[in-house]
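Asks: here is a sequence together with a model predicted from it:
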Amino acid sequence: MIQAVIFDLDGVIVSTDELHYKAWKYIADQEGIYFDHVINHRLRGVSRMDSLNIILEKASKPYTEEEKLKLATIKNDYYVTLLASLTPKDILEDVNLVIDTLKQKGIKIAIGSSSKNTKKILKQIGLDQTFDEIADGNDVTRSKPEPDVFLKAAKKLGIDPENCAVVEDAEAGILAAKQAKMTAIAVSDARKSHLADYRFEQLRKMLALF
Ligand code: B16
Ligand code: MG
């Protein structure tokens, strides 16, 4: 029986895709590296350093770990300034309805995100007091598709992974959910994943499971 739902943040609750794109594009241009929306798409759900390594696949010279850290810091500083533009209006469709309904039914809710900026983002969109627990990129060293962030969320909730469902928009997140032995609910792009247990075009359709 599903007792808790763990929501991915970026792409499920709010879309920060374009803000990540702008910030990574700034880095890529500065370094003379080709970067476009197709490459940006591969960064969904992937940690900051893993994202940088994907971008550097197109670089013409090798980068030291120190140089990489510097680039990731510049990217993040820029990205954080862009986050200031987010407001509650950016909450994605159906999110408030789904959260309210799950709460009424006594289902626990948590966030399981790769982002180290999770708390900042939730504050910007006015959902910082909404979730029972938050597990994010600051809680784990191995990012999705490893199951760590979802297992951490389940642990914080005090609920067995088998009784948790994950809502994800990225293939890496669906893989992470299945590795954690959780029910995987796919929305958006993740619906392409063969591993998902359920696929919904609209988030509200997941309420049929409760
Ligand atoms: P940060 P999610 C992920 O969030 C984003 O989808 C991904 O594009 C980003 O690289 C990652 O967070 C790390 O974000 O640089 O803020 O720590 O989809 O797991 O909620
Ligand atoms: Mg996501």
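Replies: Nice, thanks for sending it over. Ligands and ions are numbered 1, 2, ... in the order given.

Asks: where do the domain boundaries of this protein fall?
Replies: Structurally, the chain divides into domains by automatic domain parsing as follows: 4-14+88-209, 17-83.

Asks: out of the ones you listed, which one sits most buried?
Replies: Stretch with highest mean neighbour count among the domains of the chain: domain 4-14+88-209 (a mean of 20; mean count of other CB atoms under 10 Å). Every C-beta, even on glycine, is put in place using the N, C-alpha and C of the backbone.

Asks: any idea how far residue 109 is from whichever residue of the chain sits closest to ligand 2?
Replies: Nearest residue of the chain to ligand 2: residue 11, at 3.5 Å (CB to the ion). According to CB to CB, to the nearest Å, residue 11 stands 17 Å off from residue 109.

Asks: and the residue nearest to residue 183 when sequence neighbours are not counted, which helix or strand is it part of?
Replies: Excluding the flanking residues, the one nearest residue 183 by CB to CB, 6 or more residues apart in numbering is residue 165, at 4.0 Å. Per DSSP states H and E, residue 165 falls inside strand 164-168.

Asks: related to what we said a few turns ago, just the pLDDT at the nearest residue to the residue of the chain closest to ligand 2 once chain neighbours are set aside, thanks.
Replies: Residue nearest to residue 11 in three dimensions, not counting chain neighbours: residue 169, with 3.3 Å by CB to CB, 6+ apart. Confidence at residue 169, expressed as pLDDT, is 96.

Asks: looking at it, residue 169 is touching residue 12, isn't it?
Replies: Yes. With contacts counted by CB atoms under 8 Å, residue 169 reaches residue 12, the gap being 5.3 Å.

Asks: overlap in contacts, these two.
Replies: Residues touching both residue 169 and residue 12 (CB atoms under 8 Å, 6 or more residues apart in numbering): 187-188.
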